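**Student:** return atomic coordinates for the entry below.
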Amino acid sequence: MAVIKRETGRGFAATDSTASVFTAMTTEQTLFSHTIVGGYMSNNKELRFNILCALTSPMLSVPTITVKVKLGSSVINIMQGLTLATGQNNAPFLIEGVIANSNDPAIQTVFTKLTQATTAILSSQPMAYADWTVDTTVDQLFAITAQFGGISVATSLTYKHASVELS
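**Tutor:** Coordinates of the predicted model:
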């Protein structure tokens, strides 16, 4: 559960450092979730998020991952079947993005980027973009989920830390 570190009339900052290891997850798992109180995300506000993880994947498999960004009951962004780097041991893995309301609290622009670093080079930077409509005048659950595909039992994603800021 995220801990609110700072709360103002304009927004909040929340963090979560409850480490969790997800090994051979062939079903969708929630990495992070936090309820956005109705009305907090009004006109021209944005929600920024960083989910810090570590990837371990053996040389013998070519694992893939699907990452979803959810707001309320909607999957507002999806990065599906992305190929993960192989031969990794506790390598940095970052999910970051922004959900921005425009001039209406029920119209969002969403951008998500996934970065995985190998021991030598950055192996990929998949990105996703979408326009969406979720009514943020009522409470909405914000969540990031992940699911592996084409994996061996040795593939794991260790959730390390999340920071979320609404301003």
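**Student:** might you report the residue contacts of I76?
**Tutor:** Neighbouring residues of I76 by C-beta atoms under 8 Å, 6 or more residues apart in numbering: V69, K70, I99, Q108, V110, A130, W132, V134. Where C-beta positions appear, they are placed from N, C-alpha and C, glycine not excepted.
**Student:** ok, for it, nearest residue in space, not its chain neighbours?
**Tutor:** Computed as C-beta to C-beta, 6 or more residues apart in numbering, the closest residue to I76 that is not its neighbour in sequence is W132, at 4.4 Å.
**Student:** beta partners of that neighbour?
**Tutor:** Q108 (DSSP bridges).
**Student:** contacts only, for it.
**Tutor:** W132 sits next to L71, S74, I76, N77, I107, Q108, T109, V110 when contact means C-beta under 8 Å, 6+ apart.
**Student:** and for A130?
**Tutor:** I76, N77, T109, V110.
**Student:** can you do 7 Å?
**Tutor:** By C-beta atoms under 7 Å, 6 or more residues apart in numbering, A130 lies in contact with I76, N77, V110.
**Student:** give me the subset of the residues you listed that lies in strands.
**Tutor:** I76, N77, V110 (DSSP state E).
**Student:** surely V69 is in contact with I95?
**Tutor:** No. With contact defined as C-beta atoms under 7 Å, V69 does not reach I95; the gap is 8.4 Å.
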